[in-house]
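# Compute the structure for the input listed below.
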Amino acid sequence: MMYNKYLSVTLPLIKKFNIFLIILINWQCMATLPRDVIPESGTYERELDISVAGQNRNYLIHIPKNYSISKKVPLVVLIHGAFSTAKHMQKQSGFSELADREGFLVAYPNGAFGLFGFFQHWNAGHCCGKAQSDNIDDVGFLVDVIKDIQHQFNVDSSRIYMVGFSNGGMLTYRFAAEHTEILAAAAPMAASLGGRASAADSIWIAPQPKSKLPLIIFHAEDDRHVPYSGGSSPKKGGEREYVSVKECINFWIENNGCAQNPIEEKIYQNAVTHKTWSSGLDDNDIELYLLKEWGHKWPGGTFTKNLDTVNPLSRFDAAELIWQFFKKHER
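From the prediction side, this is the model:
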């Protein structure tokens, strides 16, 4: 009895201590990007003079190996999901390693309302959390991040791209619609461009873009957080609803003037359906990678490398596919 009583007291303390250790690990210092010089290759933190709830907004910037200020290079902006971090996005996506090989800059912005380095999220118009309810200008923040990087680095302004996962993918949809003049292409993942927080709210949809923009989209058929067919989340429940992936694609098909019928192929032993809606000679195509039995997680890197080699998705790497798509497009 005394032993059980001891466990009932100590186990919660151990769990709290483990959480504290995780927080400390996440707080590991990262070098600050100097303002007046270009440092050696690596990942640095930059803080902007933009404050939300008493906290200055910040982002991480990865400088690729052998970077030279004398040469214009592409910039890829990666947006993490809700309750994640820029640091976690860097780790799970594998984009920094890809950037070292291919020679482009990568920015990883952090969302607002973080606590102990966690819980950041974004205002994507229809989602999510306090960032959305307080109408935080996250689109404006991303514009400032891009301008800040352009001020210090030799960025090829015709080759700026954006990738986002989940809530970050929703913000990517929104940014792509509102600032097509900045991006050369975009890659929303496990996301939706519209929805509503409750049945009492009207459906919010990203605004009509001012110009065409190539998109490469990733989603899982069995995503229980942001369902492929739209509607409420089977995982989270509640009244929040999302616009279906089909509606998202139709939004961009109409905007880009793409063919209604896609070219379709089954790849990775039928575990992935790849569809392409062609826009003709102007090359503003829409591509979709629809994954079977994948759920709501980044398709590649951290997750696929640990799969059994007989699993067809063990070789799937979204970062590689995204970069090959981006390389074909410039504004």
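# Only C-alpha atoms from now on, for both contacts and neighbour counts.
Fine.
# low-confidence ranges in the stretch 101-250 of the chain?
Scanning the stretch 101-250 of the chain for pLDDT under 70 picks out 114-118.
# show me where it has strands.
105-109, 155-165, 185-189, 194-196, 204-205, 215-220, 231-232, 241-242 (DSSP state E, counting those that start in this stretch).
# Need the winner for burial among these.
strand 185-189 (a mean of 28; mean count of other C-alpha atoms under 10 Å).
# which outside residues touch that strand?
For strand 185-189, contacts defined as C-alpha atoms under 8 Å, 6 or more residues apart in numbering pick out 160-166, 168-170, 172-173, 176, 213-219, 298, 322, 326, 329-330.
# can you check stretch 136-156 too?
Stretch 136-156 is contacted by residues 35-36, 38, 50, 59, 69-75, 109, 111, 122-124, 171, 174-175 when judged by C-alpha under 8 Å, 6+ apart.
# Shouldn't Leu78 be within a strand?
Yes: when classified by DSSP: H, G, I helix; E, B strand; the rest coil, Leu78 is found to be part of a strand.
# when you check the contacts of stretch 136-156 against the helices, which ones overlap?
The members of these that map onto helices under DSSP state H are Leu171, Arg174, Phe175.
# export the residues you listed to a markdown table and tack on neighbour count and distance to Val272?
Converted to a markdown table, these look like this (neighbours: other C-alpha atoms under 10 Å; distance: C-alpha to C-alpha, whole Å):
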| residue | neighbour count | distance to Val272 |
| --- | --- | --- |
| Leu171 | 34 | 25 |
| Arg174 | 26 | 26 |
| Phe175 | 24 | 27 |
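# would you list those residues in TSV and tack on distance to Leu313?
Output for the ones in helices among the contacts of stretch 136-156, formatted as TSV (distance: C-alpha to C-alpha, whole Å):
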residue	distance to Leu313
Leu171	27
Arg174	29
Phe175	30
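# List just the nearest of those residues to Leu291.
Comparing the ones in helices among the contacts of stretch 136-156 against Leu291 with C-alpha to C-alpha places Leu171 closest, at 21.5 Å.
# Isn't that closest one up against Cys128?
No: Leu171 is not in contact with Cys128 according to C-alpha atoms under 8 Å; the separation is 9.8 Å.
# who touches both of these two?
By C-alpha under 8 Å, 6+ apart, the residues touching both Leu171 and Cys128 are Trp122.
# now could you export just the CA positions of stretch 83-103 as CSV?
The C-alpha trace of stretch 83-103 is given here as CSV (Å, rounded to 0.1, in the frame of the first residue of the first chain):
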residue,chain,number,x,y,z
PHE,A,83,1.3,23.8,-31.8
SER,A,84,4.6,23.1,-33.5
THR,A,85,7.7,25.2,-34.0
ALA,A,86,10.1,26.4,-36.7
LYS,A,87,12.8,24.1,-35.2
HIS,A,88,10.5,21.1,-35.5
MET,A,89,9.6,22.0,-39.0
GLN,A,90,13.2,22.1,-40.0
LYS,A,91,13.9,18.7,-38.4
GLN,A,92,10.9,16.9,-39.9
SER,A,93,11.0,18.3,-43.4
GLY,A,94,14.6,17.8,-44.3
PHE,A,95,14.7,21.0,-46.3
SER,A,96,17.9,22.3,-44.7
GLU,A,97,19.8,19.3,-45.9
LEU,A,98,18.2,19.7,-49.3
ALA,A,99,19.2,23.3,-49.4
ASP,A,100,22.8,22.5,-48.7
ARG,A,101,22.8,20.2,-51.7
GLU,A,102,20.9,22.5,-54.0
GLY,A,103,22.1,25.9,-52.9
